[in-house]
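A.B. asks: the following comprises the amino acid sequence and a computationally predicted model.
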Amino acid sequence: MLAGFRVPTAAPPRSISALDIELIGWLRRLNTQLPLGLAARFTLFVAALLLVLTAAFVTINNSEAERAANSAFDEKTRQIVAVVESVAGDMPSDRRLSDLQVVLDRIAAASENTRYAYTVEVDAAGAARNSDPESVLRDPMASIAFLEAFSGGVASSRRGDGVLHIAVPVRSEGSLIGIARVGLSTRPIDEAISSAVSRNIVLALVFVMLALPLCAFFINYLTAPVRRLTLATRRLAAGNFSVPVPESRKDELGELSRSFVAMTKSIVDSFEAVQKLTMTDGASGLANREQMRRYTQSVLERGGKASLLYLDLDRIKRVNEALGIDVGDLAIIGVAERLKAVTAEALGMYLKQHPGDDCDVLMARLGGDEFGFVVSCNVNEECIGQYAARLITALARPFEISGHSVSVTGSIGIAMAPEDGMDFATLLRSAANALADAKSQGRATYKFSARDMKSYAYRRLMIEQELRTAVEKNQLEVYYQPQVALTDGAIVGAEALVRWRHPTRGLIGPTDFIAIAEESGILDTIGTHVLRESCRQASVWYMKGLTPKISVNVSASQCQQPSFASDVLKTIEEAGIPPSAIEIEITETVAMLDPRTTARDLAPLRAAGVRLAIDDFGTGYSNLASLTRMPVDVLKIDRSFVSECVRDGSARVVVATILTMTQNLGFETVAEGVESAAQREFLLAQGCTYAQGYLFGKPMPAAEFEELYSAKRRAGARDLISHIRRTAGTRAE
Ligand code: C2E
Ligand code: MG
Ligand code: MG
């Protein structure tokens, strides 16, 4: 019995086809690539959802209206059929068809929608005795209803073109004598349906038009904190650290905002701490060498006059030896206090004698027992001499420290701009030479920088002349100093450092000629030579399968050339090496001269894959915002901090703070000047990634570096193989 009956089986799970995956991928791409904010996306999504729901609501309501209209019409049809059948079902022989017609006429009169109502008399063979109106016969549905009623013997109805044709068999004494036909117009149903549809559509439209702006408003309101947070991160990236974020909220956004604020604060604090520490001397609270350098440079750049006094305590070493370092330290602090007092007094007197003169003195501690003074106005030698003499005299009176009477003396070397140098480094060198002179001529005295044949200007002229031909004569050599990964000591690259092989004076280091080369405009030629030579050497190494990354120093004037980036890229291309094989080092002071322009000029190099490093980091920056905008990969922590990071608390804090900050900002770090295992351990513990220094190798000729690099690689490979063997052996056991 149930043989023909099929139990529906569950459809097999649809496997995800390639098309589905492609569609999902496309939707994801569309979502991530749409150039719209969160609020717009959310609004779009809600709008789409709203439209789909409204369309579904309209469709359901329309079909409901259609169903209601149809059932009302069906009911009416049933009533008409019932009335006709009650008369025509079995008419007594004494009744005539005309009586039925009376009923039909009444039906027609009752509703204006009745198109026709009459009876067709038929004989036993089914032939009509009277004819149908032409209009009825034109609709085939009318004939079908007629035939169904005739052959089936029961009432039939068929919906034709705008009319419902009803046919009811008429019987008398059991025999079929005719067919009653009634035609009802279906226009009321169509009208009811279309009015319901238009009402639903209008309602839906009104709803959507009201709901959409409301949704947009709420979404906008809800996503406002996210937008504020986004704006804050954008401003942070642009260096503005004071953007309000919705911190007080209790939800996830509040938590995110608080984390954001904490992160920003930690970066700003680190930055300020580094700035403070790098500009002052921790023990005496005086300015340090870097602050003195900046001050001098700014005075000179403004076109002002400056005199630099370099004071060295003569007998502090003996105090340390006799009474201990603690007493020596206290003596230095006492000296600093007395020198400060004398300076303030001398300046006060000078300003009293020269009212309106814009004069100031910056006092700095330059090292253990060395102090520097920069007088920033146009004073003559006599006046400066008097000041130096007062400083020396102030030290003559012994210091009472911890029950000891400590005597120290000081010698001073003096250099004046512009005669003895036009920049801080040169002035300091001239003052140091004068100081050496003062010491050699008996201590506790002062000396002006000599302006004779041995003077800086003369030496400068000689070096300048010889340097001009050094490149042509092939006297410049490039040395390579290894850079290692701190975790495993593997050599990852080298810094290219120029050397001058002078025919009579031997090998000269860059500190003795770079400043002069820069002042005389020769440094560009030297820089181009070093870059070309480094790229050539890198290409030779690449051919041999050796791939150390080479860092090349560039000067301020070099990277200010409009064609700098394209020249570098051309040189790299000519050497046939990948751009990532070269790293360009630019000192922090140079990078921060005009950070915006520097960032713009360096961008094409970074885009091409050349790595960029900020050299001597910690000595010259002034703006954290600019740093975050620089397109750089690496920060090289200056040697002055690294060399002191084990001994000196301030340097330790500077290095640790710089490392925390660089980790936060996502830079790699190279610590310069690592000379001891203790320094290496400290840097490693602080999360420093790479290092460079005498501990790993001094700058060396290319051949020597190649040997060291290859040997390290072989040793590394051997270690790896023995490690693999060891672990394989352990597993086998
Ligand atoms: P830099 O770029 O900071 O290079 C690092 C300097 O620190 C090198 O001095 C290196 O020999 C020295 N150094 C590295 N590790 C240690 C260490 O453990 N202890 C000590 N005491 N010193 C270490 P170098 O070769 O005398 O170069 C001095 C500066 O001259 C360089 O400083 C760089 O600013 C400049 N320079 C060198 N070559 C070029 C060049 O081709 N172009 C330009 N524009 N500047 C150059
Ligand atoms: Mg460098
Ligand atoms: Mg450096």
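C.D. replies: Thanks, I have the structure now. Ligands and ions are numbered 1, 2, ... in the order given.
A.B. asks: quick one, strands of the stretch 101-250 of the chain?
C.D. replies: For the stretch 101-250 of the chain, the strands defined by DSSP state E, counting those that start in this stretch cover 114-121, 156-159, 163-172, 175-185.
A.B. asks: actually the stretch 601-733 of the chain, not the one I wrote
C.D. replies: When secondary structure is read from DSSP E, counting those that start in this stretch, the stretch 601-733 of the chain shows strands at 611-617, 634-637, 668-671, 690-692.
A.B. asks: minimum distance to ligand 2: which of the ones you listed has it?
C.D. replies: Each of the strands of the stretch 601-733 of the chain was checked against ligand 2 via Cβ to the ion, and the shortest separation belongs to strand 611-617, namely 4.1 Å. For every residue, glycine as well, the C-beta is placed using N, CA and C.
A.B. asks: report whether the closest one contacts ligand 1.
C.D. replies: Yes. Legend: contact between strand 611-617 and ligand 1 by Cβ under 6 Å from any ligand atom is shown at 615-616.
A.B. asks: how about the contacts made by the nearest residue to residue 626 once chain neighbours are set aside?
C.D. replies: Once its chain neighbours are removed from consideration, residue 626 has its nearest residue in residue 595; the separation is 3.4 Å (Cβ to Cβ, 6 or more residues apart in numbering). Taking Cβ atoms under 8 Å, 6 or more residues apart in numbering as the contact definition, residue 595 lies against 623, 626-627, 629-630.
A.B. asks: is there a quick PyMOL command that grabs whichever of the residues you listed are buried?
C.D. replies: Selecting in PyMOL just the buried members of the contacts of residue 595, where the criterion is 16 or more other Cβ atoms under 10 Å, is done with this command:
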select buried, resi 626+627+629+630
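A.B. asks: before we move on, which element is whichever residue of the stretch 401-550 of the chain sits closest to ligand 3 in?
C.D. replies: Here the residue of the stretch 401-550 of the chain nearest ligand 3 is residue 495; by Cβ to the ion that distance is 8.2 Å. Assignment of secondary structure by DSSP states H and E places residue 495 within strand 491-502.
A.B. asks: so what are the sheet partners of that strand and their directions?
C.D. replies: Sheet partners assigned to strand 491-502 using DSSP bridges are listed as strand 476-485 (antiparallel), strand 506-508 (antiparallel), strand 549-554 (parallel).
A.B. asks: now the ones you listed as a markdown table including distance to ligand 2?
C.D. replies: Converted to a markdown table, these look like this (distance: least, Cβ to the ion, whole Å):
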| stretch | distance to ligand 2 |
| --- | --- |
| strand 476-485 | 9 |
| strand 506-508 | 18 |
| strand 549-554 | 4 |
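A.B. asks: out of these, deepest packed?
C.D. replies: Between the strands paired with strand 491-502, strand 549-554 has the highest mean count of neighbours, a mean of 22, where neighbours are mean count of other Cβ atoms under 10 Å.
A.B. asks: CA atoms of that one as PDB?
C.D. replies: Provided in PDB are the C-alpha atoms of strand 549-554 (Å, rounded to 0.1, in the frame of the first residue of the first chain):
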ATOM      1  CA  LYS A 549      74.400  43.900   4.600                       C
ATOM      2  CA  ILE A 550      76.600  46.900   4.200                       C
ATOM      3  CA  SER A 551      75.800  50.200   6.000                       C
ATOM      4  CA  VAL A 552      77.200  53.300   4.400                       C
ATOM      5  CA  ASN A 553      77.400  56.700   6.200                       C
ATOM      6  CA  VAL A 554      76.200  59.800   4.300                       C
END
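A.B. asks: what mean pLDDT does that strand have?
C.D. replies: pLDDT averaged over strand 549-554 equals 97, rounded to a whole number.
A.B. asks: buried ones in whichever helix or strand comes after that strand?
C.D. replies: The C-terminal neighbour of strand 549-554 among helices and strands, as given by DSSP H and E, is helix 556-560. Applying a neighbour-count criterion of 16+ other Cβ under 10 Å, one finds 556, 558-560 buried in helix 556-560.
A.B. asks: other residues contacting stretch 709-726?
C.D. replies: Contacting residues not belonging to stretch 709-726 are listed as 482, 488-491, 494, 541, 546, 548 [Cβ under 8 Å, 6+ apart].
A.B. asks: list the buried residues in it.
C.D. replies: Neighbour-count burial for stretch 709-726, with 16+ other Cβ under 10 Å as criterion, is recorded at 709, 712-713.
A.B. asks: residue 89: which of these is nearest?
C.D. replies: Closest approach between the buried residues of stretch 709-726 and residue 89, by Cβ to Cβ: residue 713, at 111.5 Å.
A.B. asks: if I look at the closest one, how far off is ligand 1?
C.D. replies: Relative to ligand 1, residue 713 is positioned 22 Å away (criterion: Cβ to the nearest ligand atom, to the nearest Å).
A.B. asks: state the distance from that residue to residue 492.
C.D. replies: For residue 713, the distance to residue 492 equals 11 Å [Cβ to Cβ, to the nearest Å].
A.B. asks: one more: residue 445?
C.D. replies: When distances are taken as Cβ to Cβ, residue 445 and residue 492 turn out to be 51 Å apart.
A.B. asks: which ones are touching residue 280?
C.D. replies: When contacts are counted by Cβ under 8 Å, 6+ apart, residue 280 touches 286-288, 291.
A.B. asks: switch the cut-off to 6 Å
C.D. replies: Residue 280 makes contact with residue 288 under the criterion Cβ atoms under 6 Å, 6 or more residues apart in numbering.
A.B. asks: what's it sitting at in phi/psi?
C.D. replies: Per-residue torsions, residue 280: phi -130, psi 160 (degrees, to the nearest 10).
A.B. asks: and if you look at residue 366?
C.D. replies: Dihedral angles (degrees, to the nearest 10) for residue 366: phi -90, psi -20.
A.B. asks: need the contacts of stretch 709-726 in CSV (columns: distance to ligand 1).
C.D. replies: Written out in CSV, the entries for these read as follows (distance: Cβ to the nearest ligand atom, whole Å):
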residue, distance to ligand 1
482, 10
488, 20
489, 15
490, 18
491, 14
494, 11
541, 18
546, 21
548, 16
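A.B. asks: just among those residues, which is most surrounded?
C.D. replies: For those, neighbours were counted using other Cβ atoms under 10 Å, and residue 494 has the most, 30 neighbours in all.
A.B. asks: beta partners for the nearest residue to that residue once chain neighbours are set aside?
C.D. replies: On the basis of Cβ to Cβ, 6+ apart, the spatially nearest residue to residue 494 that is not a chain neighbour turns out to be residue 480, at 3.9 Å. Listed beta-bridge partners, residue 480: residue 496, residue 700 (assigned using DSSP bridges).
A.B. asks: contact partners for the closest residue to ligand 2 within the stretch 351-500 of the chain?
C.D. replies: Ranking the residues of the stretch 351-500 of the chain by distance to ligand 2 (Cβ to the ion) places residue 495 first, at 5.5 Å. Going by Cβ under 6 Å, 6+ apart, residue 495 touches 481, 551.
A.B. asks: change it to 7 Å
C.D. replies: Residues in contact with residue 495, defined by Cβ atoms under 7 Å, 6 or more residues apart in numbering, are 481, 483, 551, 692.
A.B. asks: nearest to residue 618, out of those: which one, please.
C.D. replies: Distances from residue 618 to the contacts of residue 495, taken as Cβ to Cβ, are shortest for residue 692 (14.9 Å).
A.B. asks: chain neighbours aside, what residue packs nearest to that closest one?
C.D. replies: Counting by Cβ to Cβ, 6+ apart, the nearest residue to residue 692 once its immediate chain neighbours are dropped is residue 483, at 4.7 Å.
A.B. asks: that neighbour touches residue 693, doesn't it?
C.D. replies: No. Residue 483 is beyond contact range of residue 693, at 9.4 Å (criterion: Cβ atoms under 7 Å).
A.B. asks: which neighbours do those two share?
C.D. replies: Counting by Cβ under 7 Å, 6+ apart, residue 483 and residue 693 have no common neighbour.
A.B. asks: no further questions, thank you.
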